[in-house]
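Student: Sequence first, then the predicted structure, then my questions.
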Amino acid sequence: MGMSYPVTSIALPPAARPGDPLDRVDTPALLLELDAFERNVARMQAACSAAGVALRPHAKAHKTPAIALAQIRAGAVGVCCQKISEAIPFVEAGVRDIHISNEVGSPAKAALLAQLARHARMSVCVDHPAQIEWLAQALDTPLDVFIEINPGQNRCGVNDAEAVLRLLGPLQASPRLRFKGLQAYHGKVQHVRSRAERGEIARQAADRAASVVAALDARGVRCEVVTGGGTGSVEFDLAGGIYTEVQAGSYVFMDADYARNDYADAWRFEQALFLASRVMSVGDGSRIVLDAGLKSLAVDTGLPDVWERPLDYVSANDEHGIVNKRSPEAPHPALGDLLLLVPGHCDPTLNLHDELIAFRKGVVEAIWPVAARGLSR
Ligand SMILES: Cc1ncc(COP(=O)(O)O)c(C=O)c1O
């Protein structure tokens, strides 16, 4: 007679519990080093406050309400989300001021935004009259609207003040829409390695935004807020005098790509995000195979770095990571050893994980849900 197995539900044990030492964490798991994280949050806030510029960190970097609330406690005016769906967990967690740093692409999206605007102060970008029409039809509460300009990235945004003025007509004709100002975000500048070159491109982007602001001013149109900027350009965004609000996001974590930029010391944020991974095979004894591959790490901007070990992560399979020693004399990690990886790109890596394990001095302190992850729409 064959064995019969009872049908049951089997719960996956938690990856870690508060109080656990780090080496007990089940892997692969995303870790947040709290001391570095808190210093990053405080440092960015202090820099923005000293410049008299509002900080509205981009929550697409972390997708984690606990982090948004920490940034707001430190002085941030609210957060940005790139997708309207991602704003939902933040509103549910009590964030009451969210800028959608993006355009709506359908009446359905405008309807979702209208729903959220009943629960929080929301704002959004437009760069086409149809978006204004969808928003005007969907809303039953007031909404702040930014006209996005293209400061050189050639993604969203209109090109000049004349185009802004053409959108202002229909925007101001809608009683629920309030023109708040401009969004001018230049993504390509962020990862330019040389600080001098980055500064130059950021200055050109700021000059384009400044010329639109001046042309609007000459026509009697005031931009109350000019929002934009990121972790790589913030030094220049704050000094340029045109941005009234900065949207940097990755600075809370940093990643291997951002770490490759050249910064002035004051602008190099600390690595706070790690992927905990374990050696799960050594093959014939000469190999190092980790349990972290494409399903736990985004590699769009490059492979992860191995933190403070003379090892190179050289290839990512779905659920395997292949690591080489940098020199034959380097110690060979043993089966089961915990290695910390620095993800190549923080934002899409967060999107792969349900939780962030926050630790301090080698001990787990809290488990934070990455509540806005995986919201593909
Ligand atoms: C519109 C917008 N603002 C701000 C940011 C934040 O940039 P970072 O995470 O590089 O600081 C991004 C990132 O892509 C963005 O798309």
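Tutor: Alright, I've got the coordinates.

Student: and the closest residue to S101 other than its chain neighbours, what does it touch?
Tutor: Leaving aside its chain neighbours, S101 sits nearest to C80 (4.4 Å; criterion: C-beta to C-beta, 6 or more residues apart in numbering). In this view, the C-beta of every residue, glycine as well, is placed from N, C-alpha and C. By C-beta atoms under 8 Å, 6 or more residues apart in numbering, the contact set of C80 is 56-60, 98-101, 247, 249.

Student: Next secondary structure after whichever helix or strand C80 is part of?
Tutor: Taking DSSP states H and E as the criterion, C80 maps to strand 79-81. Helices and strands here follow DSSP H and E; after strand 79-81, the next one along the chain is helix 84-92.

Student: Report the central residue of this protein.
Tutor: Nearest to the geometric centre of the chain sits A61, at 1.6 Å (C-alpha atoms, centre = their mean).

Student: What values do phi and psi take at that residue?
Tutor: Per-residue torsions, A61: phi -70, psi -40 (degrees, to the nearest 10).

Student: if I look at it, how far off is A51?
Tutor: Using C-beta to C-beta, to the nearest Å, A61 is found at 21 Å from A51.

Student: For the stretch 51-200 of the chain, which segments are assigned as helices?
Tutor: Counting by DSSP state H, counting those that start in this stretch, the stretch 51-200 of the chain has helices at residues 65-74, 84-92, 107-116, 129-138, 161-173, 195-218.

Student: how about those helices in JSON lines, adding mean neighbour count and mean pLDDT?
Tutor: Formatted as JSON lines, the helices of the stretch 51-200 of the chain follow (neighbours: other C-beta atoms under 10 Å; pLDDT from 0 to 100):
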{"stretch": "helix 65-74", "mean neighbour count": "19", "mean pLDDT": "98"}
{"stretch": "helix 84-92", "mean neighbour count": "21", "mean pLDDT": "98"}
{"stretch": "helix 107-116", "mean neighbour count": "19", "mean pLDDT": "98"}
{"stretch": "helix 129-138", "mean neighbour count": "19", "mean pLDDT": "98"}
{"stretch": "helix 161-173", "mean neighbour count": "16", "mean pLDDT": "97"}
{"stretch": "helix 195-218", "mean neighbour count": "18", "mean pLDDT": "97"}
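
Student: So in terms of bridging, what pairs with S123?
Tutor: Beta-bridge partners for S123, by DSSP bridges, are H99, D144.

Student: What's the local residue count around it?
Tutor: 24 (other C-beta atoms under 10 Å).

Student: Pull up the gap between it and V289, please.
Tutor: 47 Å.

Student: residues from the stretch 201-350 of the chain in reach of the ligand?
Tutor: When proximity is defined by C-beta under 6 Å from any ligand atom, the stretch 201-350 of the chain lies next to the ligand at 230-231, 247-250.

Student: Let me see the contact set for the closest residue to P57 other than its chain neighbours.
Tutor: Nearest non-adjacent residue to P57, counting by C-beta to C-beta, 6+ apart: Q71, 4.9 Å away. By C-beta under 8 Å, 6+ apart, the residues touching Q71 are 41, 45, 55, 57, 79, 252.

Student: Helices of the stretch 201-350 of the chain, start to end?
Tutor: Assigned by DSSP H, counting those that start in this stretch, the stretch 201-350 of the chain shows helices spanning 234-240, 256-259, 346-350.
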